[in-house]
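Asker: quick check, what structure comes out for this input:
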Amino acid sequence: MGSQDSLSNWQHKVAQKQQECLQKIPAEWKIPESLLSSLQLPLAENKNDLIQGDAVRKSGILTERELQITEEYTVSGLLSALAEGSLTSLEVTLAFSKRAAVAQQLVNCLTETMFSEAQERAKYLDNLKAQGKSAGPLHGLPVSIKDLFHVKGTHASIGMISFLDERSTENSPLVDILLSLGAVIYVKTNIPQTMMTADSHNNVFGRTLNPHNTLLGPGGSSGGEGALIAMRGSPLGVGTDIGGSIRIPALCCGTYGFRPSASRIPNGGGRTCSTPGMKFILSCAGPLALDMDAIEVFLKTVIDARPGLYDSSVIDVPWRIATVRRPLRIGVIPPSPIFPLHPPVQRTLAEAAKLLKAQGHQIIELSAEECQVMEINEVAWNTFTLDRGAMEHLQAAGEPPVPALIHIQRQVEILQQAGKTSLPDFSHLDRLGKLAALNAKRAELRETWRKMWSSHDLDICLAPPAQNTAVPHDMFGLAPYTTFLNCLDYPSCIIPFGQVNEMDAQKAFELAPGQAGPPYNFTQLKGAPAYQVLVEELALAVFDCTIPVPTLEDVSGRDANRNLVQAEGETDETKAALRLATYQGKQLSEIPECYVLEVCTFFSLGPTLGREMREIIRSRIVRAPLLLLDPYVSIARAVLRGTAQQARCSDIDLSTCASALQMLRNARLTKLEDAGTFLALGLSLVTFHRLISTISATTICRFTLSLVRPWYPELWHDASISMELGCLIFLDTTQSLFRGRVPVMEYRVHDPETIDRFAGLCGPLLPLLYRLCLMIAAVKAGGEYQSSSVEFDRLAREITAWAPYVSPATLNRFSEVEMLLLMTQANVHRASALLILHRLRYSFGERDGEAASLSESIVSQLAECLAVTGQYPPNITLAIMVAAGEAVSPPDRERILSLIPGIKGSTFYPFAWNLRMLIANIWSERDQGTEKFLYRLFDRNPELAIPL
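Answerer: Just a heads-up that it's a prediction; the model follows:
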């Protein structure tokens, strides 16, 4: 520790630097006081979800177009729009600059800002584009970089007092490469003191917060990048990784993060606090982003730029097109006994392995003894401590170490006191002797791993990303599950998968003597992102085949022409039935009639509506075969595979529908006659999304409805359009009942005899459900219904009086079984609406008898329908969840759970799991004494998925 004078000196320098940073944010980009007052302050000491709370939008700083640019485009989408001219570099740069400025004021993720310089650079690139020229494959794309990279004329202080007075006189090689590719460098991001902790906190720039939960850390050392990208303040960021510094922020902030092999991406010419020449385990530069394509875009463009011409430390190997075999052989790395896993990490690791196995891949359970995670970490830690350069910088400047450094030292002491070491005693050796011994041990362990990999014939390994998810500030400590891969020098990637949820609430976690790790507190960690896959080109090709159960929205924007590998496991019979999977201008009629009807009936209330649905599909494809046929075929494949208990979709199907989703998002409806095509496309994508993820695709649904809303009055004159429109409105309305929001459209009853293949006889009930949604939204906002019983009584009377209309013609169209399915679906939705209205008016504990009666009505009607027809009506999840809210005793709850296996599609994993988890959430809230209506559950956890 330095003297009081030196302490005052460094604090003075810090104050000057922080004031300089603050002044670089334009006044019109400063967040309003009203936004801050809506949050729990101070942010670092309270739980605030800035992403689900939509803090950026609420700041009012970005325009709607700027919000669209930063929220609705992938990196590939941005590059395409920039190349086509539908977006300019200036507007993209301005949008991300403003969003980064908002992020900085909320989570403190930036160090240096170059907003003015970036706008000038963007103008130059736009002028170049106007001349028909391009600067390169990243033309016009804003890219954020970690603070250690030099940008001429700015600082690269890495949060240390020692470097505050030094301006960069030239660019780092990677910065020069990015600029040569056409990128716009606009911000640099925060890091920890010494860049050797997983808590991005230093004495110069302060602490970076996690935007998912400001009570938690964002990871490190590239924590500023992780937080910025999670808030969509950057489309693509560059970090570095010597012990997990890319992957830990990706884990904590829910992004993708890729650590390539050492020296593949230029990492020379950056600021370092280590002793010059003391490079043993090499740091690697790599990307962080919100989608896997962006990772590949970065790696390919940088490697194709011949980085060896810029940086002598790079291994100048060209980019290669890699292929992988299927199925993959996937090794699962178990936890080290010294570093036990928190319950959410244990669960997600097991779930990922289970899902990959269900997709047909071979899972090989490795042993802790052969993986030797502790032994490899010991080599790494002992190697790192040979260099005292960082601590010497702190002492020379008189700045104190941050708490995270002290916490790591305490963990090391615990392990030393417990005698947890496998290395020989090096105390008698000088530094050179220790280095030689450590290098020899490292080579031995790397050879052991080579043999293990070869003996099991592995393609890839699945590993814990850390012992934990994001944890409270300064508590991350050691990073054994990332550091060991740096020591081995294996490329590795974080793939977002799951989060801390109610399933982890009751699981105990306690460190035994001799074990190390962060404490586990479910209440603090709930909602934190949870996922590491390890194995440049081959790794990325493998990742494309192994991402567990992706949703359609996760991969929208993928290039449909990418060389994806098709999933295996289809029988010859299924292939014959789905000849159109390799569609080359053929007609849908070539699929055998029995299979088409089977698929259509799966989504309908019986064969009659299935046949009508089939004819509607045929007419749609005749009008727009190139747009609609492939999504419809993907749906058919998913249904037939699912019913055969095979993997529900191949990479080709996923890529096809993702490309179609991107087309839908970019669509503009200018003619009424095109409305039916867009409705059909939207509904097909909603259907496909539900099949592969078994949860609602509410965003796609609402976007499609918003697209056709201007033509709403004219749409009802076409019976086929009104039927498709009814499907989407039914979905949106029932979802909105739970989430306390206003549906996009109100259903208009054009013909009371219309029977929707999805909503059945419920069409005339939808206007009443729409009014119920308005009432819920008003109560949620504290509006007029809060104190008035008149509207409650009026709506209750109208819903009670409503009955499904069945004309003689309707009776003649349907069989007795189909009619019972139609009537049951309508009646349980009416009872559900009455029960929701009752609970909106009366809290749990008030007039429970009436609520129990309505719940019993729902359950008994479903049971009777099952007994007579052998099945339930489709689309009854809403009714089951509403009824479940009134189940208090164990027998009643068992009865609710017994309904789930009979639901159509319940064998589609993880439908039943999702539904049980959601019901468990409802019961947990009731058991804890909640008096609030169910939408409060979704307020606290907006990502809760409603299975359908």
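Asker: give me the helix or strand of the protein that scores worst on average pLDDT.
Answerer: In the chain, no helix or strand scores lower on mean pLDDT, DSSP states H and E than helix 572-577, which sits at a mean of 32.
Asker: which residues in the stretch 601-750 of the chain form helices?
Answerer: Under the criterion DSSP state H, counting those that start in this stretch, the stretch 601-750 of the chain carries helices at the ranges 607-623, 625-643, 651-665, 675-693, 698-708, 712-715, 719-739.
Asker: tell me which of those helices lies nearest to K451.
Answerer: Nearest of the helices of the stretch 601-750 of the chain to K451, taken as Cβ to Cβ: helix 651-665 at 31.7 Å. No exception for glycine: its C-beta is placed from N, CA and C like everyone else's.
Asker: output that closest one in CSV, but only the C-alpha positions, please.
Answerer: Included here for helix 651-665 are C-alpha records, laid out as CSV according to Å, rounded to 0.1, in the frame of the first residue of the first chain:
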residue,chain,number,x,y,z
ASP,A,651,-30.7,-28.4,-39.3
ILE,A,652,-32.1,-28.0,-42.8
ASP,A,653,-35.6,-27.6,-41.6
LEU,A,654,-34.4,-25.2,-38.9
SER,A,655,-32.4,-23.1,-41.4
THR,A,656,-35.3,-23.1,-43.9
CYS,A,657,-37.8,-21.8,-41.4
ALA,A,658,-35.3,-19.3,-39.9
SER,A,659,-34.8,-17.9,-43.4
ALA,A,660,-38.5,-17.7,-43.9
LEU,A,661,-38.9,-15.9,-40.6
GLN,A,662,-36.3,-13.3,-41.7
MET,A,663,-38.4,-12.8,-44.9
LEU,A,664,-41.5,-12.3,-42.8
ARG,A,665,-39.8,-9.7,-40.5
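Asker: tell me what angle that helix forms with helix 675-693.
Answerer: When axes from the mean of the first three to the mean of the last three Cα atoms, to 10 degrees is applied, the directions of helix 651-665 and helix 675-693 differ by 140 degrees.
Asker: how distant is helix 651-665 from the center of its chain?
Answerer: The gap between where helix 651-665 is centred and where its chain is centred comes out at 18 Å by Cα atoms, centre = their mean, to the nearest Å.
Asker: pLDDT value on P713, please?
Answerer: As summarised for this prediction, P713 has a pLDDT of 69.
Asker: redo the helices of the stretch 601-750 of the chain as a markdown table? Include mean neighbour count and distance to R264.
Answerer: Rendered in a markdown table, the data for these read as follows (neighbours: other Cβ atoms under 10 Å; distance: least, Cβ to Cβ, whole Å):
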| stretch | mean neighbour count | distance to R264 |
| --- | --- | --- |
| helix 607-623 | 17 | 46 |
| helix 625-643 | 22 | 36 |
| helix 651-665 | 22 | 25 |
| helix 675-693 | 24 | 33 |
| helix 698-708 | 21 | 36 |
| helix 712-715 | 14 | 54 |
| helix 719-739 | 23 | 45 |
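Asker: tell me how many other residues crowd R410.
Answerer: Other residues within reach of R410 by the criterion other Cβ atoms under 10 Å amount to 10.
Asker: check for me that it belongs to a helix.
Answerer: Yes: counting by DSSP: H, G, I helix; E, B strand; the rest coil, R410 is found in a helix.
Asker: and the gap between it and P518?
Answerer: As defined by Cβ to Cβ, to the nearest Å, R410 lies at a distance of 12 Å from P518.
Asker: try E413
Answerer: Counting by Cβ to Cβ - E413 and P518 are separated by 16 Å.
Asker: R830 too?
Answerer: 50 Å.
Asker: output the below-cut-off pLDDT ranges for the stretch 351-500 of the chain.
Answerer: Low-confidence segments of the stretch 351-500 of the chain, defined by pLDDT under 70, are located at 498.
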